[in-house]
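**Student:** need a structure here:
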Amino acid sequence: MAKLNIQDLRNTALQVRESIVRMSTGGGNFLSSSLSCADILVFLYGHYLNISKDNLNDPTRDFFFLSKGHNVSALYSVLAESEIIGKERLRNHLKMNDFIYWQPNLNVPGIEFHSGSLGHLLGIAAGVAMDCKTRNQTNKVVVLMGDGELNEGTVWEAALVAGSKKIDNLIAVVDRNKYQANAGTEELIRLESIQEKFKSFRWSVRTADGHDFASLSRAFSRPEAGKPTMVIANTIRGKGIPSIESRADMWFADLRDEEIENLLKELHAV
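**Tutor:** As a prediction, the model looks like this:
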């Protein structure tokens with residue numbers, strides 16, 4: 001990997017958060033959970049993944065799959081900051097003249113696969129990673145999941161196959177903000193210990209502060225041969241805007257223009 005430029009990543013993350021907030025009106029957006037994964041996506045596209053506007057059709061590029069598809073406003077914002085899509089397209093969120101809306105759409109450059117029903121994209125990513133290995137390619141295949149998504153049985157079916165088949169070019173990331181929709185994960189259906197569960201499925205498991213780029217870089221370094229990698233990224237819902245952090249009621253928000261501007265002022269003040 002290239003040298004980690006933390007200040008550049010922080011600057012990009014600020015712009016991404018601003019775009020996420022601006023998309024939280026005119027029909028709404030999954031605001032706080034998109035903010036929780038913003039830094040992870042900025043790290044992946046700004047430092048870790050070999051994905052750019054120039055290699056989207058190159059079969060040797062890296063692949064990224066957003067399994068927690070309702071947080072696509074964060075991904076669209078990162079794609080805009082990466083110049084894969086034009087920043088002006090973000091203003092088309094929920095408009096009839098574009099494909100920028102609540103779930104990933106394959107008509108948008110940089111989107112590898114649609115999602116919606118949770119739990120499916122780990123299996124898709126495992127299949128792509130296995131295909132790359134069969135072709136003797138060195139692609140990295142990364143999939144981002146929500147922690148509540150781990151309640152889905154298809155996740156564990158895919159995890160079992162990936163561990164058994166030693167798909168070591170597959171990296172899964174869990175955005176561990178400890179909320180599922182508008183409830184705490186451990187109050188709804190207990191997930192812990194996520195680390196021990198994936199270890200028992202023959203995965204290499206690391207933990208990271210999902211808002212600290214140096215911590216993320218350490219977690220993604222030195223993959224273990226013969227094992228897929230799981231990165232448990234501990235995050236905070238609504239990160240960057242203290243008034244909405246760790247609030248279940250801000251999972252989805254449809255805000256007035258005045259509320260948007262107040263949140264933006266708070267974001268930039270922090």
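**Student:** nearest residue to residue 189 other than its sequence neighbours?
**Tutor:** Spatial nearest neighbour of residue 189, chain neighbours left out: residue 151 (5.4 Å); criterion: Cβ to Cβ, 6 or more residues apart in numbering. The C-beta positions use only the backbone N, C-alpha and C, and glycine is treated the same way.
**Student:** what residues are up against the one you found?
**Tutor:** Listed by Cβ atoms under 8 Å, 6 or more residues apart in numbering, the contact partners of residue 151 are 180, 189, 191.
**Student:** and the last one, that's in a helix?
**Tutor:** The reference is to residue 191. No. When the secondary structure is assigned by DSSP: H, G, I helix; E, B strand; the rest coil, residue 191 falls in coil instead of a helix.
**Student:** State the number of residues packed around it.
**Tutor:** Residue 191 has 17 neighbours, counted by other Cβ atoms under 10 Å.
**Student:** The lengthiest helix in the chain packs against which elements?
**Tutor:** The helix spanning the most residues in the chain, taking DSSP state H as the definition, is helix 6-22. Packed against helix 6-22, as judged by 3 or more Cβ pairs under 8 Å, 6 or more residues apart in numbering; DSSP states H and E, are the following elements: helix 31-36, helix 38-43, helix 72-81, helix 213-220, helix 257-269.
**Student:** for the first one, packing partners?
**Tutor:** I take that to be helix 31-36. In terms of contact count using 3+ Cβ pairs under 8 Å, 6+ apart, helix 31-36 is assigned the packing partners helix 6-22, helix 72-81.
**Student:** contact partners of the last one?
**Tutor:** If I follow you right, that is helix 72-81. If you take Cβ under 8 Å, 6+ apart as the criterion, helix 72-81 is touched by 12, 15-16, 19-20, 23-24, 29-30, 34-35, 37-38, 41-42, 45-46, 66, 85-87, 89-90, 93, 100, 102-104, 108-111.
**Student:** What mean pLDDT does it get?
**Tutor:** Average pLDDT, helix 72-81: 95.
**Student:** just the longest one next, same as before
**Tutor:** Summarised as a single mean, pLDDT over helix 6-22 is 95.
**Student:** how about low-confidence regions in the stretch 51-200 of the chain?
**Tutor:** Counting by pLDDT under 70, not a single residue of the stretch 51-200 of the chain qualifies.
**Student:** Tell me which stretches of the stretch 51-200 of the chain form strands.
**Tutor:** With strands called from DSSP state E, counting those that start in this stretch, the stretch 51-200 of the chain shows them at 63-66, 141-146, 170-176, 179-180, 183-184.
**Student:** Kindly compare burial across the ones you listed and name the winner.
**Tutor:** Across those, averaging neighbours per residue (mean count of other Cβ atoms under 10 Å) puts strand 170-176 on top, at a mean of 28.
**Student:** Please determine how far residue 225 is located from residue 169.
**Tutor:** Residue 225 is 11 Å from residue 169, where distance means Cβ to Cβ, to the nearest Å.
**Student:** So which bits of stretch 221-238 are buried?
**Tutor:** By neighbour count on 16 or more other Cβ atoms under 10 Å, the buried set for stretch 221-238 is 223, 227-238.
**Student:** burial count for the nearest residue to residue 87 once chain neighbours are set aside?
**Tutor:** Spatial nearest neighbour of residue 87, excluding adjacent residues (Cβ to Cβ, 6+ apart): residue 80 at 4.5 Å. Using other Cβ under 10 Å as the criterion, residue 80 is surrounded by 20 other residues.
**Student:** And residue 80, how close does it get to residue 247?
**Tutor:** For residue 80 relative to residue 247 (Cβ to Cβ), the value is 26 Å.
**Student:** same thing with residue 222?
**Tutor:** Taking Cβ to Cβ as the criterion, residue 222 is separated from residue 247 by 37 Å.
**Student:** before we move on, what about residue 103?
**Tutor:** Distance of residue 103 to residue 247, computed by Cβ to Cβ: 23 Å.
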